[in-house]
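# got a sequence here, can you model it:
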Amino acid sequence: MSDHDQDEHNWQQAREAAEEALGSDGEVDEVANNAVVPASDYLPERIYLLPIHNRPFFPAQVQPLVINRERWEETMRRVGNTPHHTLGVAFVGDKAVDDLGHDHFPEIGTAVKVHKMQGEEGQLQFIAQGMRRFRIQRWLSKKPPYLVEVSYPREPVKADEDETRAYAMAIINGIKELLPINPLYGEELKHYLNRFSPHEPGPLTDFAAAITSAKGRELQTVLETLPVQERMEKVLPLLRKEIDVAQLQTEISEQVNAQMQERQREFFLREQLKVIQRELGISKDDRENDVDTFRDRLEGLVVPPKVLTRIEEELDKLSVLETGSPEYGTTRNYLDWLTSMPWGVRSQDQLDLAHARKVLDRDHDGLKDVKERIIEFLAEGTFKGDVGGSIVLLVGPPGVGKTSVGRSIAEALGREFYRFSVGGMRDEAEIKGHRRTYIGAMPGKLVQALKEVEVENPVIMLDEIDKLGRSFQGDPASALLEVLDPEQNVDFLDHYLDVRLDLSKVLFVCTANTLDSIPGPLLDRMEQIRLSGYIAEEKMAIAKNHLWPKLLERDKIPRKRINLTDAALRQVIEGYAREAGVRQLEKQLHSIVRKSAVKLLESEQASVRISVKNLEEFLGAPMFRQEQVLKGEGVVTGLAWTSMGGATLPIEAGKVHSLTRGFKLTGKLGEVMQESANIAYSYALGHLAEYGVEIDFFDSAFVHLHVPEGATPKDGPSAGVTMTTALLSLGRHQGIDRPLAMTGELTLTGQVLPVGGIREKIIAARRSKIFEVILPEANRRDYDELPDFLKEGVTVHFAKRYQDVAKVAFKL
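Next up, the predicted model:
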């Protein structure tokens, strides 16, 4: 078979495939029911231009075009008045018509014959029959209607060369591959066969480019390529890409259809199985299964009569509803929650004080006073026979072990433990549930907790209760009033369940960093246990017995391979983790473990030893240096209490000049602290002679009172005696000659009032190596209750009036 015969054979196969895809009877109709006549050889030198935006128009194409009637009606009217009815179409891309200028038109476009033009609803529609490429030679009208002089360039082709024929055969074969995949390509092929011979490589290439979904700029490049062989080289990759995309689309469709058929088959088989089993009496439908499941759950439960009545009503409703109805799903979910509640199911409390001490001592070092409070709490429950209905509030800085203490309480009692955080909670529905009328309604957290623990008397921890929010959705703090009141939570009502729940057997353990943000009525319902923080000795024990072994075990590193000396551990505590809790200490120890693991792997050492000498290799320079107690005239050390624990607070008073009398405060002081400073200034001025200060000293002195670390906000009344002492020290020209710290609120009459946070303040003083402290007389009881190891070596002076403070500070 000759090459010519082979081309004819391939093209005939493509033609037959197109006819088969379109269901033709073997005869190719004329385009648009004989509406399109063969193109005339006459091509005018002047033609009107029409811009198109989606993609270029090729000479091998015949397709309808729709344009804006208002904008282009005059252009089309003039085209219709010409004897040749020829229009030039040019691709201008995404350029808006309003911004279109003559310089946006490409040099090469396609001349088309206009057939069957119709107008309707603001649009003009006509059939465009591609004829020849044109090149714009001169613009006759640069505004619509656009009119140009054109030439019709020749398209160089070497039809007899083997390479050109090979490209043509490749394009024909690509078209043959596309036809079975998408019948729409067959329609395009029918239009092409009516006008061109399969042996014309130019129109064949244009046709192949026209049926691809390539981008407009790529197709414009093809249109502007005049040599046919070069044009073929550009079209063939576009055609191959189109084939790949079409095949992928076909594969996806086949996969989706196969999955749908498999699911339908499985559905029909399951339905048939259900019918067969029901006919044989060996199976029940979904509705009967649900009803039986809910009834089985109620066996062995002591359900209150009113609740049982509600459940029976809902079960009767469920038995008559269609399984596919939305109400069936809503009712089923409601019954699922109702029957999942542990009605009458309680765990037996282990009211064994020895066991409780063992658990607390195992899980926690230090916190002796806290452990004693918990033991006292359990001892009281031993006589009552139950510790339910109590609300314990654990208050302390971050990282002191509030959550772990709550877990230990649950383990000591042998109860289930459930924890959820209420920090940032703004919707009371989180506590009391949503009403069932809402889509996606859910019970509150307390109902969810009871379902998970499966007993009526768990230990439920409400974490971060001091960070409750409030919004337009309600006030969760107010909702908790019912939950945490032993007189009310016997009949707690969840909005979703809409039945009464007994929460009186639940032991609630709440945690908070501070009491200031907890509403008074809520705070009044709780028994407070304060976790004040740890001193260095307690942190040493916690690190050695808990933190360090836990980190090594978690990373599966043998203890003998990383040796941390006691001196290095103490340096970590004092230089890198000086906060009240141990969270930062754990992070620093974890950092040591990570860096030690790197050393063990890279140097292949048998072990790593961390001492004070090489500690900075692992943790860098210490973040905290040894606190230097400031000394000098007008400088006094006070004691402060923050949510992060206790801290020393040096206060400085200085005389700026003697030009005028004045008093200035700095250090980012809060309103209460500013008032304390003014009271201290007034008291000092009123008692100058009593404390040995020159009577006229402050008459011409401009005094500046400053509290260092000015970027840190400070507030509270406990610095009153400290500020007064600083002012008198300045006036007496006498500094404090020894490490001494003090705290207490001062009145205008010289009374020293009690303050809070005594334990934290004593810990802060010991940390700064200050062992002489002045406290208000009213805080003597708080000091006496401190553990002996905190009071050891500390000299405390108690003051009722400021004269008692002055006697100690200035040795009057």
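# for the strand or helix carrying Met461, packing partners?
Using DSSP states H and E, Met461 sits in strand 459-463. Here strand 459-463 touches helix 402-413, strand 417-421, strand 507-512, going by 3 or more Cβ pairs under 8 Å, 6 or more residues apart in numbering; DSSP states H and E. To be clear about C-beta, it is placed using only N, CA and C from the backbone, and glycine gets the same treatment.
# apply 10 Å and report the result again.
Judged by 3 or more Cβ pairs under 10 Å, 6 or more residues apart in numbering; DSSP states H and E, the packing partners of strand 459-463 are strand 391-395, helix 402-413, strand 417-421, helix 445-453, helix 476-483, strand 507-512.
# beyond the third one, next helix or strand please.
When you say that, I think you mean strand 417-421. Reading on from strand 417-421 to the C-terminus, the next helix or strand found by DSSP H and E is helix 429-432.
# what lies in contact with that next one?
With Cβ atoms under 10 Å, 6 or more residues apart in numbering as the test, helix 429-432 has contacts from 420, 422, 425, 435, 438, 441-448, 462, 468, 473-480, 482-483, 492-496.
# could you identify the buried members of those residues?
The neighbour-count test (16 or more other Cβ atoms under 10 Å) marks 420, 422, 425, 441-448, 462, 468, 474-477, 479-480, 482-483, 492, 494-496 as buried among these.
# quick one on the thing from earlier: please name the strands paired to the strand holding Met461 in the sheet, noting orientation.
Within its sheet, and counting by DSSP bridges, strand 459-463 is paired with strand 417-421 (parallel), strand 507-512 (parallel).
# pLDDT (mean, whole number) over the longest one?
The reference is to strand 507-512. The pLDDT scores in strand 507-512 average 88.
# please apply the same query to the first one.
Strand 417-421 carries an average pLDDT of 89.
# quick check: angle from it to helix 402-413?
Angle of strand 417-421 versus helix 402-413, following axes from the mean of the first three to the mean of the last three Cα atoms, to 10 degrees, is 160 degrees.
# chain center to strand 417-421, what's the gap?
Its chain's C-alpha centre and that of strand 417-421 lie 21 Å apart, by Cα atoms, centre = their mean, to the nearest Å.
# same check, this time on the longest one
Counting by Cα atoms, centre = their mean, strand 507-512 is centred 27 Å from the centre of its parent chain.
# just want the angle from that strand to helix 445-453.
If you take the same axes, to 10 degrees, strand 507-512 sits at 120 degrees to helix 445-453.
# C-terminal to strand 507-512, what's the next element?
Downstream of strand 507-512 (by DSSP H and E), the next one is helix 520-523.
# before we move on, the earlier item: how far off helix 476-483 does the strand holding Met461 point, in degrees?
160 degrees.
# in stretch 784-801, what's buried?
Leu786, Leu790, Val796, His797, Phe798, Ala799.
# what's the closest of the helices and strands packed on strand 459-463 to Ser340?
Nearest of those to Ser340, taken as Cβ to Cβ: helix 445-453 at 4.7 Å.
# now that closest one, how far from the chain's geometric center?
25 Å.
# did I read that right, Arg766 in a strand?
No. Counting by DSSP: H, G, I helix; E, B strand; the rest coil, Arg766 is not found in a strand; it is helix.
# need the contact list for the spatially closest residue to it that is not a sequence neighbour.
Leaving aside its sequence neighbours, Arg766 sits nearest to Ile535 (Cβ to Cβ, 6 or more residues apart in numbering; 6.2 Å). By Cβ under 10 Å, 6+ apart, the residues touching Ile535 are Gly366, Ile573, Ala580, Arg759, Ile762, Ile763, Ala764, Arg766, Arg767, Pro787, Phe789, Leu790.
# can you tell me which of the residues you listed is closest to Val148?
Distances from Val148 to these, taken as Cβ to Cβ, are shortest for Ala580 (85.9 Å).
# the closest one - that's part of a strand, no?
No. Secondary structure of Ala580 (three-state DSSP): coil, not part of a strand.
# residues contacting it?
By Cβ under 10 Å, 6+ apart, the contact list for Ala580 reads 396-400, 531-535, 539, 642-647, 760, 763-764.
# mind checking which of the residues you listed are in helices?
Members of those lying in helices (criterion: DSSP state H): Lys539, Glu760, Ile763, Ala764.
# can you pull the contacts of the last one?
With Cβ under 10 Å, 6+ apart as the criterion, the residues that contact Ala764 are 533, 535, 578, 580, 627, 639-642, 645-649, 741, 743, 757, 770.
# nearest residue to it other than its sequence neighbours?
Gly646 (3.4 Å).
# the second one now?
Across the structure, with Cβ to Cβ, 6+ apart as the measure, the residue nearest Glu760 apart from its sequence neighbours is Gly646 (3.2 Å).
# can you dump the C-alpha atoms of whichever helix or strand Pro51 is part of in CSV for me?
In this assignment (DSSP H and E), Pro51 forms part of strand 46-52. Extracted in CSV, the C-alpha atoms of strand 46-52 (Å, rounded to 0.1, in the frame of the first residue of the first chain):
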residue,chain,number,x,y,z
ARG,A,46,-11.0,45.7,3.2
ILE,A,47,-12.9,44.0,6.0
TYR,A,48,-14.5,45.0,9.3
LEU,A,49,-12.9,43.6,12.5
LEU,A,50,-14.7,41.9,15.4
PRO,A,51,-12.7,41.2,18.6
ILE,A,52,-13.2,37.8,20.3
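# avg pLDDT for that strand?
90.
# in the very next helix or strand once past it, what counts as buried?
Going down the chain from strand 46-52, the next helix or strand is strand 62-68, by DSSP H and E. For strand 62-68, the neighbour count (16+ other Cβ under 10 Å) marks Val62, Gln63, Leu65, Ile67 as buried.
# helices or strands up against the longest helix seen in the chain?
Longest helix in the chain, counting residues (DSSP H): helix 228-280. Judged by 3+ Cβ pairs under 10 Å, 6+ apart, helix 228-280 is in contact with helix 162-181, helix 201-210, helix 216-224.
# pick the most buried one from the helices and strands packed on strand 459-463.
Greatest average neighbour count among the helices and strands packed on strand 459-463 goes to strand 507-512 (a mean of 26), per mean count of other Cβ atoms under 10 Å.
# what is the nearest of the contacts of Ile535 to Pro776?
Ile762 (13.5 Å).
# helix/strand/coil for the closest residue to the closest one other than its chain neighbours?
Computed as Cβ to Cβ, 6+ apart, the closest residue to Ile762 that is not its neighbour in sequence is Leu790, at 5.5 Å. Following three-state DSSP, we place Leu790 in the helix state.
# kindly report the same for the one 3 residues further on.
Assigned with three-state DSSP, Gly793 falls in the coil class.
# do Ala354 as well
Using three-state DSSP, the secondary structure recorded for Ala354 is helix.
# count the neighbours of it for me.
For Ala354, the count of nearby residues is 7 (other Cβ atoms under 10 Å).
# and the gap between it and Gly401?
Plainly put, Ala354 is 22 Å away from Gly401 if you go by Cβ to Cβ, to the nearest Å.
# filter the contacts of Ala580 down to just the buried residues.
Among the contacts of Ala580, those classed as buried by 16+ other Cβ under 10 Å are 396-400, 531-535, 539, 642, 644-647, 760, 763-764.
# and Tyr334, what's its pLDDT?
pLDDT, read off for Tyr334, is 88.
# pull the contacting residues for it.
Arg310, Ile311, Glu314, Lys317, Leu318, Arg436, Ala441, Pro443, Tyr496, Leu497, Asp498.
# all good on my end, thank you.
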